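> Everything below, folded, please.
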Amino acid sequence: MPAYPYAEQPFVRPPELDGGSTEAPVAIVGAGPIGLSMAIDLALRGVASVVLDDNNVVSVGSRAICWAKRTLEIFDRLGVGERMLAKGVTWKVGRLFHGAEEVYHFDLLPEAGHKYPAFINLQQYYVEEYLLDRAREFPDLIDIRFLNKVTGHEDLGDGVRLHVETPEGAYALEALYLLACDGANSPTRERMGLPFTGQTFEERFLICDIEMKDSPFGDHGVPERWFWFDPPFHAGKSALLHKQPDDIYRIDLQLDASADPKAETEEDRVLPRIRAIVGDKPFRMDWLSVYRFRCMMLDRFLHGRVIFVGDSAHVVSPFGARGGNGGIQDVDNLGWKLAAVLTGEAPETLIDSYDAERRHGAEENILNSARATRFMTPKTPAEALFRAETLRMAHDQPFARELINSGRLSRPCSLAGFPLQTEGVAPVPPGTAMPDAPVGGEWLISLVQGEFTLAGFGNVRLPEVPGIRRIGIGQRSAEFPCHDDLQGYALGCYGMGLAYLFRPDGHVAAVFDAPTAETVAAARDRALGRSPAMTETVL
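A predicted model of the protein is given here:
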């Protein structure tokens with residue numbers, strides 16, 4: 001019996017099979033974390049969607065497990081962040097071993113004053129369960145259709161027609177936009193014949209989830225990430241261990257490129273490997289698989305009225321936790337823009353900025369992921385020599401320890417220099433994903449994310465601009481809500497006497513020392529893609 005109690009989701013007969021129709025402007029293909037997050041984001045903005053999935057259970061196996069602070073902040077806005085935090089395993093210490101000796105460790109705890117930790121571990125099936133529960137809180141805006149397989153689509157110029165097969169017959173569905181959230185092997189991408197370019201790494205990895213009550217790893221009950229190069233229990237290869245909820249441990253073991261995936265998952269090969277790691281501790285196999293990873297992406301994420309989101313647009317190796325986190329950041333970037341276009345608040349060209357900004361994010365993730373993978377599995381004599389010497393020196397040379405690359409962990413990319421931001425110089429510059437801080441018994445991310453917000457830090461006048469929320473931090477005003485900063489985290493981070501205009505996704509759009517209604521409105525219009533680029537710096 002698996003640790004997670006999988007439950008089949010019901011098939012509900014679509015109205016189209018009985019001559020009815022659906023008026024939702026957005027069709028989302030894929031009910032995984034990306035598709036469900038996308039539907040919730042749009043629903044929070046009043047935009048209806050239909051979510052179609054050919055399956056009827058949440059993710060089988062833990063799959064994506066490592067969720068970064070920025071992603072948790074986005075999940076907070078979507079309404080599932082606190083539930084994830086309560087269930088997830090919080091960790092902050094990582095240890096790197098060469099052979100049997102620890103050569104380096106790092107502490108990911110961010111500076112004080114953040115609602116969410118640097119990372120939690122939580123199996124993908126829980127994330128999908130929580131998102132599914134949340135999506136069902138919007139029955140008038142989210143129509144989830146399980147066992148609805150999209151077999152084709154047509155570009156209508158001003159929309160898309162989807163062809164769908166169900167257990168009770170086939171039907172056609174029309175929408176203004178199709179969001180392809182259908183994963184790394186995206187059928188939508190395959191049907192369109194789009195090139196998916198990059199690098200495939202030949203080495204295979206065995207991934208195991210085991211249930212084990214007592215940790216044999218000397219972490220004193222505090223979960224940690226352990227990574228081994230050339231461990232005594234798996235000579236010449238690498239290994240990774242994480243703890244998950246429900247006493248589940250994730251173990252990744254590097255295999256030879258020529259390894260037979262079927263043979264490597266047979267019990268008589270897997271169990272001795274696990275026992276070599278955990279010793280005589282009793283354990284139970286919960287899930288296992290063999291995978292070969294890729295670092296690849298589309299040349300464009302936007303093709304007419306078809307938009308690719310998450311793994312359908314880009315894939316990376318699992319080392320560095322950049323796959324699922326990058327996909328959720330795609331959602332965060334696209335949701336407010338698509339809603340603004342559909343409600344007439346912004347021109348359709350605003351969606352082009354999703355393609356530009358998130359390709360930049362994907363390129364950064366792929367660069368870091370590929371570097372980590374090449375360090376772990378060198379492809380040239382020079383790479384092999386660099387790795388060998390780095391690991392050798394790391395035993396007694398501090399400078400070498402930080403060169404060890406077992407996966408540079410996910411961080412949000414900066415959008416500085418992209419057209420939607422108004423250039424400026426500030427402690428938190430335009431394009432930056434906002435840092436959190438406690439303010440007046442609340443959290444800054446909860447006050448800012450979701451809509452355009454002008455936040456004043458210290459004594460700075462905030463002009464009233466229609467469509468822009470105003471908040472004050474460390475000041476008093478009868479015109480807008482104000483919050484104390486008794487601990488000084490917010491003012492110390494953002495600076496005294498400055499006003500920040502935040503985009504709905506929490507990125508800084510502009511910074512002002514003396515904002516006026518005209519300059520704030522111009523920066524907002526620029527962020528919505530409905531005005532020419534400003535020629536002067538605001539601050």
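
> Now do the longest helix out of those in the chain: which elements does it pack against?
Secondary structure of the chain per DSSP state H: the longest helix is helix 350-376. Here helix 350-376 touches strand 294-298, strand 302-303, strand 314-315, helix 323-342, helix 381-394, going by 3 or more CB pairs under 8 Å, 6 or more residues apart in numbering; DSSP states H and E. (C-beta placed from N, C-alpha, C; glycine too.)

> Out of those, the one nearest Phe452 is which?
Nearest to Phe452 among the helices and strands packed on helix 350-376 is helix 323-342; the distance by CB to CB comes to 9.0 Å.

> Could I have the CA atoms of that closest one written out in CSV?
Taking Å, rounded to 0.1, in the frame of the first residue of the first chain, the C-alpha atoms of helix 323-342 are listed here in CSV:
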residue,chain,number,x,y,z
GLY,A,323,11.4,22.7,-12.5
GLY,A,324,8.2,23.0,-10.4
ASN,A,325,9.4,26.3,-8.9
GLY,A,326,10.0,27.8,-12.3
GLY,A,327,6.6,26.6,-13.5
ILE,A,328,4.8,28.3,-10.7
GLN,A,329,6.7,31.5,-11.4
ASP,A,330,5.4,31.2,-15.0
VAL,A,331,1.9,31.1,-13.6
ASP,A,332,2.6,34.2,-11.4
ASN,A,333,3.9,36.1,-14.5
LEU,A,334,1.1,35.1,-16.9
GLY,A,335,-2.0,35.2,-14.8
TRP,A,336,-2.4,39.0,-14.2
LYS,A,337,-1.3,39.8,-17.8
LEU,A,338,-3.9,37.4,-19.4
ALA,A,339,-6.6,38.7,-17.1
ALA,A,340,-5.7,42.3,-17.9
VAL,A,341,-6.0,41.5,-21.6
LEU,A,342,-9.3,39.6,-21.3
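
> so how far is that helix from its chain's centroid?
10 Å (CA atoms, centre = their mean, to the nearest Å).

> Then stretch 160-178?
Using CA atoms, centre = their mean, the offset of stretch 160-178 from its chain centre is 28 Å.

> Can you show me the helices along the stretch 151-300 of the chain?
187-192, 261-264, 267-278 (DSSP state H, counting those that start in this stretch).

> winner for burial among those?
Ranked by mean neighbour count, the helices of the stretch 151-300 of the chain are led by helix 187-192 with a mean of 18 (mean count of other CB atoms under 10 Å).

> neighbouring contacts of stretch 475-487?
When contacts are defined by CB atoms under 8 Å, 6 or more residues apart in numbering, stretch 475-487 is touched by residues 113, 437-442, 447, 456, 458-460, 462, 464, 470-474, 491.

> Tell me which of the helices of the stretch 151-300 of the chain approaches Ile65 most closely.
That would be helix 267-278 among the helices of the stretch 151-300 of the chain, by CB to CB, at 17.8 Å.

> how about the CA coordinates for that closest one, as CSV?
These are the backbone C-alpha positions of helix 267-278, laid out as CSV (Å, rounded to 0.1, in the frame of the first residue of the first chain):
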residue,chain,number,x,y,z
GLU,A,267,13.6,-5.7,-6.1
ASP,A,268,16.8,-7.8,-5.9
ARG,A,269,18.8,-4.8,-7.3
VAL,A,270,17.1,-2.0,-5.4
LEU,A,271,16.8,-3.4,-1.9
PRO,A,272,20.6,-4.1,-1.4
ARG,A,273,21.4,-0.5,-2.5
ILE,A,274,18.9,1.0,0.0
ARG,A,275,20.2,-1.2,2.8
ALA,A,276,23.8,-0.1,2.0
ILE,A,277,22.6,3.5,2.8
VAL,A,278,20.3,3.0,5.8
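
> which strands and helices sit next to it?
strand 205-211, strand 248-254, strand 284-291.

> and of these, who's closest to Pro232?
strand 248-254 (13.4 Å).

> relative to strand 205-211, how tilted is that closest one?
160 degrees (axes from the mean of the first three to the mean of the last three CA atoms, to 10 degrees).

> Spit out the contact partners of the residue nearest the centre of the chain.
In the chain, the residue lying closest to the centroid (CA atoms, centre = their mean) is Asn325, at 1.9 Å. Applying CB under 8 Å, 6+ apart to Asn325 gives the contacts 66-68, 70-71, 410.

> Excluding sequence neighbours, find me the nearest residue to Leu132.
Leu36 (6.2 Å; CB to CB, 6 or more residues apart in numbering).

> so Leu403 makes contact with Thr390?
Yes. Counting by CB atoms under 8 Å, Leu403 does reach Thr390; the two are 4.9 Å apart.

> Of these two, which one has the most company?
Using other CB atoms under 10 Å as the criterion, Leu403 and Thr390 rank with Thr390 on top: 21 against 16.

> residue contacts, that one?
Contact analysis of Thr390 by CB under 8 Å, 6+ apart lists 375, 400, 403-404.

> how near is it to Trp228?
Distance, Thr390 to Trp228, using CB to CB, to the nearest Å: 15 Å.

> Ok, Arg63 next?
Arg63 is 22 Å from Trp228, by CB to CB.

> try Ser186
Counting by CB to CB, the gap from Ser186 to Trp228 is 34 Å.

> Ala356 too?
In this view, Ala356 and Trp228 are 40 Å apart by CB to CB.

> Compare those two and say which is more crowded by neighbours.
Counted by other CB under 10 Å, Ala356 and Trp228 do not tie: Trp228 has more neighbours, with 24 against 15.

> who's in contact with that one?
Trp228 touches 96-98, 234, 238-240, counting by CB under 8 Å, 6+ apart.

> Dig out what it forms beta bridges with.
Beta bridges link Trp228 to Phe97, Ala239, judged by DSSP bridges.

> how far does the least confident helix or strand in the chain by mean pLDDT sit from the chain's center?
Using mean pLDDT, DSSP states H and E, helix 398-401 stands out as the lowest-scoring helix or strand of the chain, at a mean of 81. In terms of CA atoms, centre = their mean, the centre of helix 398-401 is found 30 Å from the chain centre.

> For that helix, which helices and strands make contact with it?
Under the contact rule (3+ CB pairs under 8 Å, 6+ apart), helix 398-401 is packed against helix 381-394.

> Quick one: mean pLDDT for the helix it packs on?
Helix 381-394 shows a mean pLDDT of 85.

> So what angle separates the directions of it and helix 350-376?
Interaxial angle, helix 381-394 versus helix 350-376 (the same axes, to 10 degrees): 70 degrees.

> Ignoring the adjacent residues along the chain, who's closest to Asn459?
Spatial nearest neighbour of Asn459, chain neighbours left out: Gln475 (5.4 Å); criterion: CB to CB, 6+ apart.

> Quick check: that neighbour is in a helix.
No. Assigned with DSSP: H, G, I helix; E, B strand; the rest coil, Gln475 falls outside any helix and is coil.

> hmm, back to that, tell me the most buried of the helices and strands packed on helix 350-376?
Mean neighbour counts for the helices and strands packed on helix 350-376 (mean count of other CB under 10 Å) peak at strand 314-315, with a mean of 28.
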